[in-house]
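Asks: Need coordinates for the below:
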Amino acid sequence: MTYDVSFSIDQGESFQKLAKGLSTENYQLTFPDTPSEHCLLRVSAMLGDMIYKIADTSEFILAAAPELAPAPIANYVDPQVKYINIPGLRINSESGLPVWFKADNQAATAEKLIWQLSKVPFLGTAESFGQETGILASGEIDKTGGEFSLDLKALCEELSKTDAERGAGKPFLPKQSIYELYLRAVPLDGKGQCIGDPGRGLYFLYGETDIVSNLQSASSNEFQHRT
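Replies: Alright, predicted model coming up:
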């Protein structure tokens with residue numbers, strides 16, 4: 001026994017053959033390119049040239065193939081993104097996505113540009129560079145500056161683990177709903193010394209939002225009553 005597969009776009013009024021004389025249990029079909037709304041597949045069990053049994057599928061729609069999305073561009077940053085550097089900057093951790101920053105390097109003689117993240121304020125002087133405590137992580141970025149990202153969520157989760165889980169040499173950061181953090185970019189010369197003062201960096205908060213909806217306090221009731 002062999003099998004023939006036919007295809008209809010008019011609710012079974014007419015069929016066109018897609019495959020003939022199949023003997024395997026599985027078969028990959030290639031449908032026509034034209035989208036249709038009243039399609040059927042028919043499988044005919046054949047004994048020689050005679051039809052033994054017929055089975056039809058339920059009616060279905062043949063839709064156009066979706067357009068493939070273009071491959072993502074590595075390290076792409078939306079040109080409409082605006083960077084801000086203001087006191088009291090707060091970054092919500094809810095999305096869990098890496099956070100993008102931008103570094104400006106105006107030291108023409110710099111051999112390297114690094115970023116440093118701290119849980120305490122930087123002293124910001126050349127004499128204190130390399131001696132400051134509280135630095136949680138650091139890394140190198142292009143010496144000309146530009147955009148770079150930090151996975152703050154993963155970093156905070158890693159540093160809040162126990163000593164055994166955290167790994168030797170890594171600082172400890174107590175788990176909190178809101179973290180006070182300081183970030184700076186520092187240009188270095190060929191000897192690894194900072195060029196000029198390294199700066200006190202950008203202060204920001206990172207963590208969960210504390211906005212409460214439908215909040216009605218006694219003070220607001222009093223205000224409404226007075227008005």
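
Asks: contacts, neighbours, all on C-alpha from now
Replies: Noted.

Asks: partners of the residue nearest to Cys194 when sequence neighbours are not counted in the sheet?
Replies: Spatially, and ignoring its direct neighbours in sequence, Cys194 is nearest to Leu188 (4.4 Å; Cα to Cα, 6 or more residues apart in numbering). Judged by DSSP bridges, the bridge partners of Leu188 are Lys112, Cys194.

Asks: what's the answer for Leu183, then?
Replies: Here Leu183, judged by DSSP bridges, has bridge partners Leu117, Leu202.

Asks: burial of it, as a residue count?
Replies: 22 (other Cα atoms under 10 Å).

Asks: same deal with Leu29?
Replies: Leu29 has 9 neighbours, counted by other Cα under 10 Å.

Asks: That one touches Leu22, doesn't it?
Replies: No: applying Cα atoms under 8 Å as the test, Leu29 and Leu22 come out as separate, 11.7 Å apart.

Asks: mind listing what the closest residue to Ile54 other than its chain neighbours touches?
Replies: Closest residue in space to Ile54, ignoring its immediate chain neighbours: Ser44 at 4.5 Å, by Cα to Cα, 6+ apart. Ser44 sits next to Tyr3, Asp4, Val5, Ile51, Tyr52, Lys53, Ile54, Ala55 when contact means Cα atoms under 8 Å, 6 or more residues apart in numbering.

Asks: How many neighbouring residues does the last one have?
Replies: Residue crowding around Ala55 was assessed by other Cα under 10 Å; the count is 11.

Asks: quick one, phi psi at it?
Replies: Main-chain torsions, Ala55, degrees, to the nearest 10: phi -130, psi 130.

Asks: Tell me the bridge partners for the residue lying closest to Ile91 once chain neighbours are set aside.
Replies: Leaving out its chain neighbours, the residue that sits closest to Ile91 by Cα to Cα, 6+ apart is Tyr206, at 4.8 Å. Assessed by DSSP bridges, Tyr206 has beta-bridge partners Ile91, Tyr179.

Asks: coming back round to it: pick out the one among the contacts of Ser44 with the largest number of neighbours.
Replies: For these, neighbours tallied by other Cα under 10 Å; top is Val5, 22 neighbours.

Asks: Now that one: which helix or strand?
Replies: Secondary structure assigned from DSSP states H and E places Val5 in strand 2-8.

Asks: Given the helix or strand hosting the residue nearest to Ile54, what are its sheet partners and their directions?
Replies: For Ser44, the element it lies in under DSSP H and E is strand 36-47. The strands beside strand 36-47 in its sheet (DSSP bridges) come out as strand 2-8 (antiparallel), strand 50-56 (antiparallel), strand 60-62 (antiparallel).

Asks: can you tell which of those is closest to Asn105?
Replies: Closest of these to Asn105 is strand 60-62, at 56.1 Å (criterion: Cα to Cα).

Asks: who's in contact with the closest one?
Replies: Thr34, Pro35, Ser36, Glu37, His38, Cys39, Leu40.

Asks: Chain neighbours aside, what residue packs nearest to the third one?
Replies: The shortest distance from Ser36 to any residue other than its chain neighbours is 5.0 Å, reached at Leu62 (Cα to Cα, 6+ apart).
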